[in-house]
Structure formats: C-alpha cells, structure tokens
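Engineer: Mind looking at a prediction? Sequence and model below.
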Amino acid sequence: MKDNHFNFSTAVVGLPVLFVLFLWIIYWIQIRFDFDFYQYGIYPREVSGLQGILFSPFIHENLGHLYNNSIPLFVLLAALQFFYPKQSFSVIAYGILFSGLITWIIGRTNYHIGASGLIYVLVSFIFFKGIQTKYYRLVALSFAVVLLYGGMIWYVFPDVDASISWEGHLAGFITGFVLTLFYKAPEYTKPIVYDWQKPDFIPEDDPFMKHFDENGNFVNTEKTEEESEIISTYFNSDVLVNYTVTRTESGDKN
C-alpha cells in the first residue's frame, strides 16, 4: 500500500541547503572582513549575552568547527523536513530559542557559539518522536539516528572536552525532547470504518443485512423456482442455526 504521508518536495533539499549555505556565508564574511562575531555569542547570565540566543547558532570559531556542524545539519534538517514537514520550522525556531535560553542560564562564563546546540535539538526530537509514534518508518528513522549520531550523547556531560560547550549540547538535547511532548504525533494509519459503523448506515437498504431478521437469524429473501428445504438445528444447545439445502431437478445437492 502506498504511503501518502511522506512526499518528497523541494523543501527537503532546499531547507538544509539554504541553512548550511547561510552559515558558510556568515563565516566567509567573518574572515573576509575580519569581523569579530564572537561577541554576539551567548554569554551566560549577562543581559548583553541574551542576543546570542538568536545569533550564536550562525557563528563558528574556525573552518573545522563549521565543517563538523554542516554535514549533520544537512542530514538532520533534510530528515526533519521529509518526515515532519508540518513541524519542521517550529522545531527549528523553538529549538534555537529555548536551547539558547537554557545555555544562557546554565552555561559557563564564556562565549558559547556554534550550531551544535541545534544539532542536538534535531537528534533528540527525531529520535524521541519516532519512538513515541510507534510507526515503523519513524521508529526505523530513530534507530538510524542512533547509529549515525548516538556517540554524541557523551558530549552532553561536563569534562569530556573543555573546548566544547557541553551546556549547549545538553540544552539542545533537553529542548528536543520537550518539543516532542508538545507536538501531537501524526496519525499515519487510518482506522478501518465499516459501512455499518457509519452514521448514515440504514440496515434495511443494505443487501447483506436483508438476509437477517431482527433477531439475527438468516432469512432466505430470494424467490426461485427451486424447492428449498429449511432445516433447523441447535448449536451448542442454545444457538439456533438455519441451514438451507436446495434440491435441483436432477436431484443433486448444492
């Protein structure tokens, strides 16, 4: 059966391409014109550092930092747009906002920059949402995310690497999980509704129901030239079952 819930669109490729391309443009401007964008990162518990909630995901320290974030961002944004198209923009926007806010609250006194917080939002959201839906395609996606990026979980703990913002990673992971609780799981399977369950169903007009009386007993409503013999017997001592045996002119039984 064809699954109409997952439809490929230009946004599946366009969204991650534009997002990652924007990161590289920002970095090019930074090195080309020698701009110091670090001051626009998240600086915890300082009012001036609140601006970093919006700007920090687009600022990177060096080329290696940008490259390491670009590939998972492209893959995860494409997966998000394909499997959760209605929630994708909200997850990105709220993911950046709330993961940045948590980082601002719990972070060390230093500038926190980079899109890794958003990456953890996406990993967390895609993994937990797929498990919650119990839909086989999305559960498989969750396992694929674990295989690809399961090792990232170690970087939400302190003292693993002093040069990384584990606070931003942890904030993104928490934010992604919380967002799964606020977004209702899509219904990917339609419940079977029989004709007799529909509100406009009229038993008297149904061809099948015409063969039964109000007590549920079979009634032969067809008039034929053949002689019919109705044999009644009891089944399990209390259930009446009617058997119809039709005799043709040749004497054979059908």
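Structural biologist: Sure, I can see it.
Engineer: Please parse the protein into its domains.
Structural biologist: Using automatic domain parsing, the domain parsing of the chain gives 10-182, 195-247.
Engineer: most neighbours per residue, which of those domains?
Structural biologist: Stretch with highest mean neighbour count among the domains of the chain: domain 10-182 (a mean of 18; mean count of other CB atoms under 10 Å). (Each C-beta comes from the backbone N, C-alpha and C, glycine too.)
Engineer: Give me the distance between the two termini of that domain.
Structural biologist: End-to-end distance for domain 10-182, by CA to CA, to the nearest Å: 27 Å.
Engineer: where does this protein have its least confident helix or strand?
Structural biologist: In the chain, the helix or strand scored least confidently by mean pLDDT, DSSP states H and E is strand 227-235, which has a mean of 44.
Engineer: returning to what we had before: comparing the domains of the chain, which yields the minimum mean pLDDT?
Structural biologist: For the domains of the chain, mean pLDDT drops lowest on domain 195-247, to a mean of 56.
Engineer: can you pull out the strands in this protein?
Structural biologist: Taking DSSP state E as the criterion, the chain carries its strands at 227-235, 239-247.
Engineer: So what would you say the end-to-end distance of stretch 31-44 is?
Structural biologist: With CA to CA, one end of stretch 31-44 sits 26 Å from the other.
Engineer: Which strands or helices does the longest helix along the chain pack on?
Structural biologist: In the chain, assigned by DSSP state H, the helix with the most residues is helix 10-32. Where contact means 3 or more CB pairs under 8 Å, 6 or more residues apart in numbering; DSSP states H and E, helix 10-32 is packed against helix 63-83.
Engineer: who touches the helix it packs on?
Structural biologist: The contact list for helix 63-83, computed with CB atoms under 8 Å, 6 or more residues apart in numbering, reads 6, 8-9, 11-13, 15-17, 19-20, 23-24, 27, 60, 87-88, 91-92, 114-116, 118-119, 122-123, 125-126, 137-138, 141, 145, 148-149.
Engineer: Stretch 90-110 too?
Structural biologist: The contact list for stretch 90-110 (CB under 8 Å, 6+ apart) reads 42-45, 49-50, 52-54, 56-57, 77, 80, 84, 112, 117-118, 120-122, 125, 165, 167-168, 170-172, 174-176, 178-179, 183.
Engineer: before we move on, what about stretch 8-21?
Structural biologist: With CB under 8 Å, 6+ apart, stretch 8-21 has contacts from 70, 73-75, 77-78, 81-82, 85, 88.
Engineer: let's go with 6 Å and repeat that
Structural biologist: 70, 73-74, 77-78, 81-82 (CB atoms under 6 Å, 6 or more residues apart in numbering).
Engineer: Dump these into a markdown table; add distance to G107 as well.
Structural biologist: A markdown table is the format used below for the contacts of stretch 8-21 (distance: CB to CB, whole Å):
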| residue | distance to G107 |
| --- | --- |
| S70 | 23 |
| L73 | 21 |
| F74 | 26 |
| L77 | 25 |
| A78 | 29 |
| Q81 | 29 |
| F82 | 33 |
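Engineer: which of the residues you listed lies closest to D34?
Structural biologist: Closest to D34 out of the contacts of stretch 8-21 is S70 (22.2 Å), distances taken as CB to CB.
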